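Q: pasting the sequence and the predicted model now:
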2 protein chains.
Amino acid sequence: MATKDSKAFVKDITPMEEDFAQWYTDVIRKTDLVDYSPVKGFMVIKPYGYALWENIQQFLDRRFKETGHENCYFPLLIPESLLNKEKEHVEGFAPEVAWVTHGGSEPLGERLCVRPTSETIICSMYSKWLTSYRELPYLYNQWCSVVRWEKATRPFLRTSEFLWQEGHTLHETAEEAQKETLQMLDIYREMAEDLLAIPMVVGRKSDREKFAGAEATYTIEALMHDGKALQSGTSHNLAQHFTKAFDITYQGRNGDLENPHHTSWGASTRLIGGVIMVHGDNRGLVLPPRLAPIQVVIVPIAQKKPGVLERAEALKNELIAAGIRVKLDDSTSNSPGWKFNEYEMKGVPLRVEIGPRDIENGVAMVARRDNHVKESYALEGFAAQMQTLLDQVHGDMLERARASRDEKTFTFETYEEFKQKMAETPGFAKTMWCGDEACEANVKADTGVTIRCIPFEQENLGDTCPFCGKPAKEMVYMAKAY
Amino acid sequence: MATKDSKAFVKDITPMEEDFAQWYTDVIRKTDLVDYSPVKGFMVIKPYGYALWENIQQFLDRRFKETGHENCYFPLLIPESLLNKEKEHVEGFAPEVAWVTHGGSEPLGERLCVRPTSETIICSMYSKWLTSYRELPYLYNQWCSVVRWEKATRPFLRTSEFLWQEGHTLHETAEEAQKETLQMLDIYREMAEDLLAIPMVVGRKSDREKFAGAEATYTIEALMHDGKALQSGTSHNLAQHFTKAFDITYQGRNGDLENPHHTSWGASTRLIGGVIMVHGDNRGLVLPPRLAPIQVVIVPIAQKKPGVLERAEALKNELIAAGIRVKLDDSTSNSPGWKFNEYEMKGVPLRVEIGPRDIENGVAMVARRDNHVKESYALEGFAAQMQTLLDQVHGDMLERARASRDEKTFTFETYEEFKQKMAETPGFAKTMWCGDEACEANVKADTGVTIRCIPFEQENLGDTCPFCGKPAKEMVYMAKAY
Ligand SMILES: [Zn+2]
Ligand SMILES: [Zn+2]
């Protein structure tokens, strides 16, 4: 959609068709979302990037509280002996934790790991606190950063430190724990669709891909422009794996000592990577309106002419009063053309242009970032029209993302066809699967493709597993993944 | 004020006159604010304690944004070489940092410290980013946790990890940096008075007590029930100490390469300790209304009688609609008397009792936590009356804290008198001081008392320093401190 001229302006952003990874890197750097830090694999989240996270936090925190959860804070450092208590958990996480060995100048008696996730420290506290069924459920969440030592990192997608929330709940019955697990997954799905305008495939992870120590992991999975999947939020039913290992007990209704049922669930700054890779284009970011730190930018035209700045200022205040996040860029050091390009690159959903002739005609020009449509709107009742338009943009972005995902979702007959399609037009492969971990591992070793999820919405695509020929057990979504 | 009966109920809280430290520990444990964790010196902030922090965060974050600051996030881990760049800074912090030496199973090439504060890592980024005076000022803040290895810890007051915010700004001129330093100090003072109902002494730290690497540190200091002071928020003018050490330069207006002027400022979860020790009494917490997670608790009386719960529910909804944080405790497992004691201990500002006779009379009984006054209020226009009453409670608590502080503030003639008063009726000693660091160090070694601040509001109390007899330079507040 970009003309030659505008392409020249954004020449620092590599076209995504040419090199998707480079396009991603260019976009996050040019738009000032993050920067690399002096510590390898650790990123700095700059204000424009952090504002996105604040909006995600706000949405989720509100929904967590509406569903009865409370926030708290557990220590950053976890004694090695605690990490070791749940066998699968330590095997999963020990290879990627950072170890604190000295406090001040003194060596520690026991190594402490910087939390990679907090099940172990939280369970050690729950075991101390819980006494009776009357205290259940425990519905707690914390907002914090976690550290997982990574060799190959990419901003937002995979970094050695990232920001997230982690919910940790205890319940009297397995049914309640399962209900909570699915409720929180659905809140993630709702957030992805209603805030990020990203449609999700929702389902369960295969045993091979589940959380270390979980009975079952549920996930929301999104498809990026390049046909790779992004795991965007997970909710784990931990059954009694940790509550037994940590000896969390309570007196049940019938007087017996019981282990509670346990869930945990998390979403992180990696969601921002998803927003970039689902909505972005060759001119830069395209931000969904409800997430955008600036929803409307006003660029005055011929701003030295009498009355222009005053009218632009009044328009700004009208939009602010309507609860719209707005910026008026009245700087004189840059031309309107420069500003158009700048805010386009930064993904601001709506650009309002207002000059002397517009004012005379009682209108302003409004350009949509998502589809480049530019139309004139009456200044009368402007804020209400912009609210409607922002909702329209949100809906259109969600539908466009859905169409793009569906277009990249394919079925196939043979393993050969699968490999060919994954190589030529990658995306979600919908297929029957035998349910055998060895079969799954073979496909991964052979192609790099993994089972992203076993969707709740099952379809019957056939009777045999196309990879091994054994009888099919269920339908799965497969893809290469970030 | 407690009767014998009620004293029996709260028998687990040691009277503060008997043992203030034990009283403090009892209050925070009995009211479920925090708990000790398996990692020595690290605490768990439980939901009721964390809700206090969320309200402090909300107040400060709003004020930071209103004054043009943006949030961002810098890495948790700082390379040792960066920490070493500013000489005074490393000397101040190196003895109390936690060192990460291994990532996964591999030893690191360079040790990384868990941030004790982030000047060094942030300056390393600023040095990479800043190019021109046009980009100034930098007005950034981050919310995070920091680690400072402590030998003797007390929940909220001194822990090896705590939650805080740290602002880090860069300015073109020394005047702007000084203005920013004082502006942020004033926001802390405003928060303390308007949210926490704690009056503050506001001033500058002596050179001996200032931040490691600062040109000048400014502070707000509160006085606790036991006559000890609590440093409650600090704002540092760092001049060009760090910007030179980290080679942060920009092209100035006249084309020369300049070092910007630098500030940092922080407030932490220790404020919660201040709230407990300024307002609490022998029955437990007394929370200032604007900070309280629950501002009004409704306890229905004879709740099985027809109409009582319905009326209580309606009252709750009326209060919620008015923006008041309210809880209706209609549990049947506890008696109203038990509930009265429970919410009194938890410091809920207002308790509303409503029973059949009240409803008949169109009234409800309202008990204030702060002064134990219990009065009847008309149900007509109830929410508006409660809003007024909550503001009244806030004002009264602030004035009571001010009176208590002033009562514990004394002047004296001789060093002997100073020592006697500090031993018998400790508090703030207002005194002239010679300005000599050695004199200050002597008094500290001799008495444990330190200069808390050199207040902006100076008085002339005499011509000589009562400690050493040399000519007086300025008036200071001295106290034992947490
Ligand atoms: Zn198979
Ligand atoms: Zn002296």
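A: Cool, got the structure. Ligands and ions are numbered 1, 2, ... in the order given.
Q: and stretch A:95-114, how far out from the chain middle?
A: 31 Å (Cα atoms, centre = their mean, to the nearest Å).
Q: that one: which residues count as buried?
A: A:96-103, A:108, A:111-114 (16 or more other Cβ atoms under 10 Å in any protein chain shown). From N, CA and C alone the C-beta is placed, and that goes for glycine too.
Q: which one of these is nearest residue B:440?
A: residue A:103 (29.4 Å; Cβ to Cβ).
Q: what's near enough to touch the closest one?
A: The contact partners of residue A:103, taken as Cβ atoms under 8 Å, 6 or more residues apart in numbering or on different chains, are B:98-99, B:149, B:160.
Q: and the furthest pair within the buried residues of stretch A:95-114?
A: Longest span within the buried residues of stretch A:95-114, Cβ to Cβ: A:96 and A:103, 22.4 Å.
Q: which stretches of the stretch 1-150 of chain A form strands?
A: Ranges of strands in the stretch 1-150 of chain A, per DSSP state E, counting those that start in this stretch, are A:34-36, A:43-45, A:70-71, A:77-79, A:98-103, A:106-114, A:138-147.
Q: possible to save these as CSV with mean pLDDT and distance to residue B:310?
A: Shown next, in CSV, are those (pLDDT from 0 to 100; distance: least, Cβ to Cβ, whole Å):
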stretch, mean pLDDT, distance to residue B:310
strand A:34-36, 96, 54
strand A:43-45, 97, 49
strand A:70-71, 98, 28
strand A:77-79, 97, 49
strand A:98-103, 95, 56
strand A:106-114, 95, 52
strand A:138-147, 98, 27
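Q: in CSV: those strands, plus distance to residue B:450.
A: Shown next, in CSV, are these (distance: least, Cβ to Cβ, whole Å):
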stretch, distance to residue B:450
strand A:34-36, 40
strand A:43-45, 37
strand A:70-71, 35
strand A:77-79, 30
strand A:98-103, 25
strand A:106-114, 26
strand A:138-147, 34
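Q: so for residue B:228, which of those sits nearest?
A: Once those are compared by Cβ to Cβ, strand A:98-103 is nearest, at 26.4 Å.
Q: now do that closest one against strand B:98-103, angle only.
A: 140 degrees (axes from the mean of the first three to the mean of the last three Cα atoms, to 10 degrees).
Q: so what strands line up beside strand A:98-103?
A: Strand A:98-103 has the following strand partners under DSSP bridges: strand A:106-114 (antiparallel), strand B:98-103 (antiparallel).
Q: pretty sure residue A:387 contacts residue A:322?
A: Yes: under the criterion of Cβ atoms under 8 Å, residue A:387 makes contact with residue A:322 at 6.2 Å.
Q: who's more crowded, those two?
A: Taking other Cβ atoms under 10 Å in any protein chain shown, residue A:387 and residue A:322 do not tie; residue A:387 has more neighbours (16 against 13).
Q: how about the more buried one, what does it touch?
A: Contacts for residue A:387 (Cβ under 8 Å, 6+ apart) come out as A:322, A:324.
Q: closest residue of the stretch 101-250 of chain A to ligand 2?
A: residue A:104 (32.6 Å; Cβ to the ion).
Q: distance of that residue from chain B?
A: Computed as Cβ to the nearest Cβ, to the nearest Å, the residue A:104 to chain B distance reads 5 Å.
Q: is the most centrally placed residue in chain A in a helix, a strand, or coil?
A: The residue lying closest to the centre of chain A (Cα atoms, centre = their mean) is residue A:271, at 1.8 Å. Here residue A:271 is recorded as helix under DSSP: H, G, I helix; E, B strand; the rest coil.
Q: quick check: it touching residue A:56?
A: Yes: using Cβ under 8 Å, residue A:271 and residue A:56 qualify as a contacting pair, with a distance of 6.0 Å.
Q: quick check: neighbours shared by the two?
A: In contact with both residue A:271 and residue A:56: residue A:196, using Cβ under 8 Å, 6+ apart.
Q: so how far is ligand 2 from residue A:288?
A: 64 Å (Cβ to the ion, to the nearest Å).
Q: quickly find the element holding that residue.
A: Residue A:288 belongs to no helix or strand when assigned by DSSP states H and E.
Q: quick check, pLDDT for residue A:7.
A: Per-residue pLDDT puts residue A:7 at 41.
Q: the residue in chain A sticking out farthest from the centre: what secondary structure?
A: Centroid-distance maximum for chain A: residue A:306 at 45.8 Å, with Cα atoms, centre = their mean. Following three-state DSSP, residue A:306 is assigned to coil.
Q: what is the rounded mean pLDDT of the helix ranked longest in chain A?
A: In chain A, with assignment by DSSP state H, the single longest helix is helix A:382-407. Averaging pLDDT along helix A:382-407 gives 98.
Q: after that helix, which helix or strand is next?
A: strand A:409-410.
Q: looks to me like residue A:431 is in a strand.
A: Yes: under three-state DSSP, residue A:431 falls within a strand.
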